[in-house]
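Peer 1: Model the following, please.
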Amino acid sequence: MKTTTENRDNFTNGEENRVISYHKIRRAVGIIGMLLPFGLWSMNALINESEILNHSFWITFEKPYLPDENLKDSISHFYYTAVGELFTGALCAVSLFLFCYRGYSKPKSGKYCKIPGDSFMTNFAGLMALLVVIFPTSSKQINDNFRVFVASETTGYIHYLAAALFFITLSVISFVNFRRTKHPEDFGKMKSHNIYRNCALIMMSCMIVLIIIFILEKTTSTTTFWAEKYNVTYWLETIMLLAFGISWVVKGEIDQRVLNKNIFGNGIEK
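Peer 2: Coordinates of the predicted model:
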């Protein structure tokens, strides 16, 4: 039987670099997802509290820029703040990584064999991420609107639909695609597969709650009041992004590549 070193030596340089790039893409996507909500909040707070935008060295307003709350109702609402470029840039980066990702093809048999392969799923998720950027969220009123406009309600509905499909697709990727192995009968049997499944269930649970809140907000003002008061949408989106990020960094074998330990039971699949 050939040793691990001998097996590695049988790879051409192109094949080896391709495998490494997949791991890097997975980790990059996961890290961006986990850092995004906290990065937006902290950077927006830093800019607002320092009043840097009221200094003529950086930017000139006709009137003083008066920021509102540092934490917004949702992650998408940061689009209208001074950190809007960070929001759009991060999503565009995630979208690009998802478009570049190929992964494994759809198996011919086994559990969930009807679910498309990695390439289709990640391309679709990447497209939805772009739509989230192109069609900003709508809002009744944003007092510190840095961009002097608020998207229409129609644009907002496209944004909500794209965001929902984005997270649903990511949930399916974690629940199905990430748990596939070379042998269909080994689906879900690796230690790391439990992490992917749990992350997917967390994302889907939060999405269901968000959909319920969205429906209630359209029918009662009471729900709108407490949801905005406690930034419920932001926190649910943050939980989803953390679950999404964890599944991708684990799939990127961050434990082995960074810590040099196989903590999550990843590695060469069966």
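Peer 1: hey, let's count contacts and neighbours off CA atoms from now on
Peer 2: Will do.
Peer 1: list the helices and strands the helix or strand containing residue 93 packs on?
Peer 2: Take DSSP states H and E as the rule and residue 93 turns out to sit in helix 84-100. Judged by 3 or more CA pairs under 8 Å, 6 or more residues apart in numbering; DSSP states H and E, helix 84-100 is in contact with helix 13-50, helix 118-134.
Peer 1: Other residues contacting that helix?
Peer 2: Contacts of helix 84-100 with the rest of the structure, by CA atoms under 8 Å, 6 or more residues apart in numbering, involve 25, 29, 32-33, 36, 40, 76, 78-79, 119, 122-123, 125-127, 129-130, 133.
Peer 1: same thing but 6 Å
Peer 2: By CA atoms under 6 Å, 6 or more residues apart in numbering, the list of residues contacting helix 84-100 from outside reads 29, 78, 122-123, 126, 129, 133.
Peer 1: Now do that helix: distance to the chain's middle.
Peer 2: For helix 84-100, the gap between its own C-alpha mean and the chain's C-alpha mean amounts to 9 Å (CA atoms, centre = their mean, to the nearest Å).
Peer 1: now that helix and helix 118-134, what's the angle there?
Peer 2: 160 degrees (axes from the mean of the first three to the mean of the last three CA atoms, to 10 degrees).
Peer 1: Would you indicate which residues of helix 84-100 are buried?
Peer 2: Of the residues in helix 84-100, those with enough neighbours to count as buried (16 or more other CA atoms under 10 Å) are 84, 86-88, 90-100.
Peer 1: hang on, the earlier thing: and which of the contacts of helix 84-100 is nearest residue 147?
Peer 2: Of all these, the one with the least separation from residue 147 (CA to CA) is residue 78, at 10.8 Å.
Peer 1: which non-adjacent residue is nearest that closest one?
Peer 2: Excluding its sequence neighbours, the residue lying closest to residue 78 (CA to CA, 6 or more residues apart in numbering) is residue 84, at 5.7 Å.
Peer 1: What distance do you get for the one you found to residue 148?
Peer 2: Residue 84 sits 13 Å away from residue 148, taking CA to CA, to the nearest Å as the criterion.
Peer 1: Helices along the stretch 101-250 of the chain, start to end?
Peer 2: Chain-ordered helices for the stretch 101-250 of the chain, with DSSP state H, counting those that start in this stretch as the definition, fall at 118-134, 153-175, 191-219, 221-229, 232-251.
Peer 1: Tabulate these (CSV), appending distance to residue 58.
Peer 2: As requested, those are exported to CSV (distance: least, CA to CA, whole Å):
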stretch, distance to residue 58
helix 118-134, 25
helix 153-175, 31
helix 191-219, 38
helix 221-229, 32
helix 232-251, 29
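Peer 1: Quick one: closest of the ones you listed to residue 67.
Peer 2: Closest to residue 67 of the helices of the stretch 101-250 of the chain is helix 221-229 (CA to CA; 17.2 Å).
Peer 1: Please name the residues that touch residue 37.
Peer 2: Residue 37 makes contact with residue 238, according to CA under 6 Å, 6+ apart.
Peer 1: Sweet, I'm off.
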